[in-house]
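>>> Using only what follows, build the 3D model:
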Amino acid sequence: MKIGMIGLGKMGSNMRERLRRAGHEVVGFDLDENLRDVDDVESLVQALEPPRVVWVMVPHGTPTRSTVEQLGELLDEGDLIIEGGNSKYTEDRELDALMEPKGIGYVDCGVSGGIWGLENGYGLMCGGREEDVEKAMPIFDALRPEGPREEGFVHAGEVGAGHYAKMVHNGIEYGLMHAYAEGFELLMAKDIVTDVRGCFQAWSRGTVVRSWLLDLLVSALGDTPGLKGIDAYTTDSGEGRWTVEEAIDNAVPMPVISAALFARFASRQENSPAMQAVAALRGQFGGHDVRLLDDAELEEDQKEVHGGAEPKKDDSDSKQRPGARQDGGDEPASSPDAGPSSGSGATEDAPGPTSGTGDAH
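Here you go, the predicted model:
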């Protein structure tokens, strides 16, 4: 099968390679001329024979929308677009509504597996019409892990369902990672435990908390004992927020995932204004000790741009907290070191067809 692939970062290029290993012919385009097979999207479309299938693997938001809209002007009736980034499910519905009158199929596909997917395969969650999903099944079978199809692939429902399932997947991931992280901190805090990494490694077989994330934590502790030198500052790329927002909209209690998301916000604050207020109040009502910053700390505190929530806006302070929304819309602002958790690596500052594993989820 001949396939077009737009976006050849770490995820996209590995997927291209896995498809080629399975015997498919892949024509790839990326803004990076060292990665691409053709020089532009028009050439990619011309290199494919109808009915064409083009996989889009670029950052969600403007880059995805502009790429799909461009394809909508180049493809013909009967062709198919697979959107494999981390778009919000509502965006999939909008894009499908643009393609349907042209007779161009649209399938959204949540992809999990990161840089390990080349060898291990990718977990795939698709949304779309049955005939469109079936048309792309040879691609999905090549990308998913070996074994029963249902253990690495799901046609979750209509257009948008694939990315909705991936959103929930990433929300669960937030909670799992934070549970392991809390356990790590408690083990480190008690001096009777002398082999913290060994505890996690012992849990990796036979226990009820074994998982691939646990294996990765064991690996990280091996690479960096005690995680010494790693900055606790943690970004978020959007899917955790969307998961919590959906929980609110559907009246679903979600204390664990919400707490994990808010913990990331807290990680960006060296001196929390909220806790400053609590300390001040304790001093007021109970005469409790209030620790005051020394001159150097006070100067640094005044310079700090706190992370995780929208600051109060006024004429004297136009600074934006890292990760806060800039316009009240659905997409969080891009932090310089953030990257969507699907592996799409560019940000709005560098839009266009490119992808790669950016920030950890």
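
>>> which SS class is Met125?
At Met125 the chain is in strand, as set by DSSP: H, G, I helix; E, B strand; the rest coil.

>>> dump the residue contacts of it.
Cys109, Gly110, Ser112, Phe153, Val154, Ala156, Ala161, Gly162, His163, Ala165, Lys166, His169 (CB atoms under 8 Å, 6 or more residues apart in numbering). In this view, the C-beta of every residue, glycine as well, is placed from N, C-alpha and C.

>>> Next secondary structure after the strand or helix carrying the first one?
Under DSSP states H and E, the secondary-structure element containing Cys109 is strand 105-112. Using DSSP H and E, the helix or strand that follows strand 105-112 towards the C-terminus is helix 117-120.

>>> helices and strands around that following helix, which ones?
Secondary-structure packing of helix 117-120 (3 or more CB pairs under 8 Å, 6 or more residues apart in numbering; DSSP states H and E): helix 10-21.

>>> report the longest helix in the chain, please.
helix 161-189 (DSSP state H).

>>> Quick one: mean pLDDT over that helix.
For helix 161-189, the mean pLDDT works out to 98.

>>> List the buried residues in it.
By 16 or more other CB atoms under 10 Å, the buried positions in helix 161-189 come out as 161-171, 173-178, 180-181, 183-184.

>>> where does Glu25 fall, phi/psi-wise?
Note on Glu25: backbone dihedrals following degrees, to the nearest 10 are phi -100, psi 120.

>>> Including distance to His60, could the contacts of Met125 go into JSON lines?
What follows is the contacts of Met125, written out as JSON lines (distance: CB to CB, whole Å):
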{"residue": "Cys109", "distance to His60": "13"}
{"residue": "Gly110", "distance to His60": "11"}
{"residue": "Ser112", "distance to His60": "15"}
{"residue": "Phe153", "distance to His60": "21"}
{"residue": "Val154", "distance to His60": "20"}
{"residue": "Ala156", "distance to His60": "18"}
{"residue": "Ala161", "distance to His60": "16"}
{"residue": "Gly162", "distance to His60": "13"}
{"residue": "His163", "distance to His60": "9"}
{"residue": "Ala165", "distance to His60": "15"}
{"residue": "Lys166", "distance to His60": "11"}
{"residue": "His169", "distance to His60": "15"}
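
>>> of the residues you listed, closest to Ser219?
Nearest to Ser219 among the contacts of Met125 is Ser112, at 18.1 Å by CB to CB.

>>> So for the closest one, what pLDDT did the model give?
96.

>>> all numbers from here: first residue = 22
Noted, 22 is the first residue going forward, which turns the last one into Ser133.

>>> for it, what are its contacts?
Tyr143, Gly144, Leu145, Met146, Lys187, His190, Ser363.
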